[in-house]
Structure formats: structure tokens, C-alpha cells
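Colleague: Model the following, please.
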Amino acid sequence: MLLSTSLKKAFVQFNSKNLISNNNKIIRMASSNYLNQPLSQFDPEMYELVKQEKRRQLNGLELIASENFTSRAVLDTLGSCLTNKYSEGYPGVRYYGGNEIIDKVETLTQQRALQVYRLNADQWAVNVQALSGCAANFAVYTALVGPHGRIMGLNLPDGGHLSHGFYTATKKISATSVYFESFPYLINNETGLIDYDRLHENAKLFRPQMIIAGTSCYSRNLDYKRFKEICTDVGAILLADMAHVSGLVAAQVVANPFEYADIVTTTTHKSLRGPRAALIFSRRGLKETDTKTGKQIMYDFERRINEAIFPGLQGGPHNNAIGAIAVALKDCLSDDFKAYGKQVIANSKAMCDELIKRGYKIVTGGTDTHLFSIDLRSVGLNGSKAEKVLEEISIAINKNTCPGDKSALTPSGIRIGTPALTSRNFKEADILRVADFIDQGLKLAVDINKASNGPLLKDFKEKMNDPEYEAKLHELKERVENFARNYPMPGLDEL
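Modeller: Reported below is the predicted structural model:
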């Protein structure tokens, strides 16, 4: 049948429209499939690297005190759609729309943070937006002491942290020491303990606006009451940085900074076993009543700290991390977590005592917490060489300064912590096996060091490659990994 010209034209247009429509559907489907590909399909190269890291963690013994294995639920939250939302501002006061649910996420996280540390919302506020512990501390200094304000923190080589104002005679190492005036307090080199009397004397001379009670490598409980007495005498704010022990404070197995501190900061990924983020707690409500005028003086920390975080130092917060903090905090409220906190301490003490029995010198003579440091000078070794050998046999620790050290790159000791292995259900008997592996590794390091052709780390590494030592390292590594694989770790199966 012959078609008229007009019918032919209509038929062509109809088919053309259908073809375009079908092509658009195919493009939309392809685009949707493209964005929904799993990592293994979308980026096999990265997928393989993540799998390799998972195998390293599973096959090794993780003893870095600032690391832990977080839960499957935390990882699920970190990888959720919460990462898509931009939310500058605070609950109820956002720059962007569409934050109704995000407001609930952030508010829930704040409520749980106060609940975990048994705090009254009328007396304490908490900011959950800080991206890291260093950022949290910097925000507090910015808010409360201002440019060139005076702070005192524990000296880094004595167990303090970079964010507490570290500098050397020739260089300002931390940005904290660039923008604020810092003066360190020290430990007693004989005992390894904080010299509170000397701190008090120096504080009366330096007149700091803030004193920081916090550490990154100090194995004893801090005397927060003494810190507060010193602060009261010199008119300083007491900031407790409990980054390392926050999970242990939650489990009520170490000293509690909230009894005395004005401000408390913490990371959330160490003993708290959450995502990589931070919290800032600050006192709120009535501070004091003027005895002369009867006027009530209120704390104003909360407003100033919130403004320092946003818009002062940060833009949009990481909502996936904030949600993951809430999930980790829910874990902290469980009986299982309280038992975990007790076991972390028990494991730390057991390993520390065992290594003392084997002749190693422990800085401070023991531990009250999740970590301790070994001073290796007595066995003729330094921390860099010890770290390298232990890493070679799949034991992860970190080199660390000891009292009297001049260099953080070639320090005298190593730091050991038990939170991560405790999350893999290690008990005291298991930890003693780990102590034995560490002892074997350190003795092998001593032998390699004696046989080295020079004192430098590169000479040490070259000697490690000798067939004799290479075989011994390989054999010890196999035994460590065969042992480690018996203990499951939290999280996803492959990633």
C-alpha cells in the first residue's frame, strides 16, 4: 500500500521520537549503572589496595596506641548517603536547605556524647563538628585565648602532643606554636612522671591563659585535681585533651577529666573505637556569683567555640563522620564496651609487666592506661631500628621519644598500646604470647644492630637483607601471622 507524503512524514517523525526516547532511556540506565558500580568493578586498582590493607591488618598485630578497629555499623554509616549533604551551620541554623534529617543526626550525636560521659545538658555543651583532634584544639585556642595567647602543654618528647604547642630552639613545629605563645611543662627524668611542682612554679611566672592536661604517650593517670588547683592559682582555663583515653573514661576505668576541667577535647577513633573525628565539650550555665555585687556570671565557652569551628575555621561538617560518632557512642553505653575498657587496661598491664620481667625498662615504671613506652637505650637499640624490625615481622608499633631525647626521628623508645588487639578479643594469655613475639623481635634487632656496618638506619636496613637475618625475620613473621589469623577483627569481610 502506498503512503501519502504527509503520512510518510508523520511516520518518520514518530519513529525518530521513539528512537530518541529509547536512546535517552539507555543513556539514563547506563549512567545509573555507572554510578552504582561496586568498588571492585569501578576501580579494581583501588579495590586491590584496600584488600591488601585489610589483609595486613588481619594478618598482623596492631599495637599502635592511637589506632583501633571500628565496628561494621560505624563503617556502614561512614559509607552512607550522609556524606552527600552539605550543612554549614548548626542544627536549626543552617546556610543550606534540606537539613531537617541532618539536624536530627547531629542532635542525636550531641545527646549521646553527653550521656556517655554522664553529663548534665544544663552544665555541659558539646560540639561534634571538629574534623580532627588537632582542629578541635586549635579551635579552642582560637576561641578562648586568641592570637598570641599563652598556653602550657606537656613537652612533646616527654609524652605530649604536637597540637599542645611544640617547638624547638630553631623551629616552630606545630601551627599552635606559630599562632599562640606556648611554654612546655616537663616530666621528672628520673621517675618519668609529670613534675607538677615545677609546672606550678613555671605557671606562676609565665601566667598562661590556658593549661592543657593531655598526653599522647604517658602511661599514668593525670592528676586533674592538681591541674585545676594550679589553674585556679594562676587564673588559667583548664583544657583536658583526653584523645587517647576517651574510651577508657567512658568505661570508667581511668581518671575522669570532667570533674575538674573547663573544656574537654577528644578524638573519637582511638580507645573510643569510632570514626576519625573529634568532640569538644565545654562548661555552660552559671560560672560563679560575684560576692560583692551578687551578679551571676555565666560561662560563654559554648558560643565562642561554636563560632571558632564555624564560620571561623571550618565550612561544612562531615555528616557521615558525625553520624558514625553517634553509632560508636551507642556502643560505649553497652555492658560489652565497659568490659572492653577493663580488658584494654588488663592487657596493657599484663604485657607491660611481662616485658619488665624480661628486662626491659618501662618509662614511668608501669602503666595505668592502654599504653606504655619501652626505653631501649639499656639494650643498645633505638626506636627507629626496633620499629623497622617489628614491622618486618608484622607487628605494628611506633618509635617514640623517651626522657632526655633530642630527636623525634631517632628516639630511644617505642610506644605500645592494646586497644586494637583487645577489639580482636585478645585476653591476658594471648597478650603474653604477643609480648614473647615482641621480645624475640627486639633481640633479633639487637643482633642485627651489633652486626651493622654503621650506626645509621640505612646501615641497619642493609644488614637486615643479609640471608642469615632475612631468613630469621621471615620465619618469625610467619609465626606471628599464623598466630594473628586466629583472631577475627570487626568490620567488613573484604574491605
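Colleague: got any ranges where the stretch 51-200 of the chain has weak pLDDT?
Modeller: For the stretch 51-200 of the chain, no stretch is flagged by pLDDT under 70.
Colleague: in it, which spans are helices?
Modeller: Secondary structure of the stretch 51-200 of the chain (DSSP state H, counting those that start in this stretch): helices located at 72-78, 100-116, 133-144, 175-179, 196-206.
Colleague: Let me have the ones you listed in TSV, extended by distance to V363.
Modeller: (Glycine included, C-beta is placed from N, CA and C.) Formatted as TSV, those follow (distance: least, CB to CB, whole Å):
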stretch	distance to V363
helix 72-78	32
helix 100-116	30
helix 133-144	22
helix 175-179	24
helix 196-206	17
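Colleague: Find the one among the ones you listed with the highest mean neighbour count.
Modeller: helix 133-144 (a mean of 24; mean count of other CB atoms under 10 Å).
Colleague: and E302, which of the helices of the stretch 51-200 of the chain is closest to it?
Modeller: Closest of the helices of the stretch 51-200 of the chain to E302 is helix 133-144, at 9.6 Å (criterion: CB to CB).
Colleague: just so I know, which of the helices of the stretch 51-200 of the chain lies nearest N482?
Modeller: Among the helices of the stretch 51-200 of the chain, helix 72-78 comes nearest to N482, with 25.4 Å by CB to CB.
Colleague: Stretch 397-411: end-to-end distance?
Modeller: Using CA to CA, to the nearest Å, the end-to-end distance of stretch 397-411 comes to 13 Å.
Colleague: buried stuff in it?
Modeller: For stretch 397-411, burial by neighbour count (16 or more other CB atoms under 10 Å) applies to 397-403, 405, 408, 410-411.
Colleague: Nearest to F166 among those?
Modeller: A408 (9.3 Å).
Colleague: Can you tell me, leaving aside adjacent residues, what's nearest to the closest one?
Modeller: Leaving out its chain neighbours, the residue that sits closest to A408 by CB to CB, 6 or more residues apart in numbering is T401, at 5.7 Å.
Colleague: for the one you found, what are its contacts?
Modeller: 156-159, 217, 383, 407-408, 411-413 (CB atoms under 8 Å, 6 or more residues apart in numbering).
Colleague: ok, it to S373 distance?
Modeller: Per CB to CB, to the nearest Å, T401 is found 8 Å from S373.
Colleague: Would you agree S384 falls within a helix?
Modeller: Yes - counting by DSSP: H, G, I helix; E, B strand; the rest coil, S384 falls inside a helix.
Colleague: Report pLDDT for it.
Modeller: The score at S384 is 96. That number is its pLDDT.
Colleague: What's the local residue count around it?
Modeller: 17 (other CB atoms under 10 Å).
Colleague: K399 is in contact with that one, correct?
Modeller: Yes - contact criterion CB atoms under 8 Å: S384 and K399 qualify, at 5.1 Å.
Colleague: Residues that sit against both of the two, list them.
Modeller: Counting by CB under 8 Å, 6+ apart, the residues touching both S384 and K399 are P411.
Colleague: and the contacts of T401, which are buried?
Modeller: Buried, going by 16+ other CB under 10 Å: 156-159, 217, 383, 408, 411-413, out of the contacts of T401.
Colleague: Those residues in strands, which ones?
Modeller: Among those, the members falling in strands (DSSP state E) are G413.
Colleague: which pair in the buried ones among the contacts of T401 spans the largest distance?
Modeller: D158 and G383 (15.1 Å).
Colleague: For I211, which three-state class applies?
Modeller: Under three-state DSSP, I211 comes out as strand.
Colleague: State the number of residues packed around it.
Modeller: 26.
Colleague: right, and it touches A236 too?
Modeller: Yes - at 4.9 Å, I211 and A236 qualify as touching, with contact defined as CB under 8 Å.
Colleague: what's the overlap in contacts for these two?
Modeller: In contact with both I211 and A236: 152, 203, 230, using CB under 8 Å, 6+ apart.
Colleague: which residues of the stretch 201-350 of the chain score low on pLDDT?
Modeller: For the stretch 201-350 of the chain (pLDDT under 70), the answer is none.
Colleague: what ranges do the strands span in it?
Modeller: 210-214, 237-241, 263-267, 278-283, 286-289, 296-298 (DSSP state E, counting those that start in this stretch).
Colleague: For I362, which of these is the nearest?
Modeller: Between I362 and these, the shortest separation by CB to CB is 21.0 Å, and it involves strand 210-214.
Colleague: and that closest one, how far out from the chain's middle?
Modeller: 18 Å (CA atoms, centre = their mean, to the nearest Å).
Colleague: partners of it in the sheet?
Modeller: For strand 210-214, the pairing partners within the sheet under DSSP bridges are strand 150-152 (parallel), strand 237-241 (parallel).
Colleague: and of those, who's closest to L248?
Modeller: Using CB to CB, those put strand 237-241 closest to L248, at 13.3 Å.
Colleague: got the contact list for E307?
Modeller: Counting by CB under 8 Å, 6+ apart, E307 touches A143.
Colleague: so how far is V434 from it?
Modeller: 46 Å.
Colleague: Repeat that for I237.
Modeller: 41 Å.
Colleague: Check V253 too.
Modeller: 21 Å.
Colleague: Work out for me the element L355 sits within.
Modeller: helix 335-357 (DSSP states H and E).
Colleague: can you give me how far the following helix or strand past that helix is from the chain middle?
Modeller: Using DSSP H and E, the helix or strand that directly follows helix 335-357 along the chain is strand 361-362. Its chain's C-alpha centre and that of strand 361-362 lie 25 Å apart, by CA atoms, centre = their mean.
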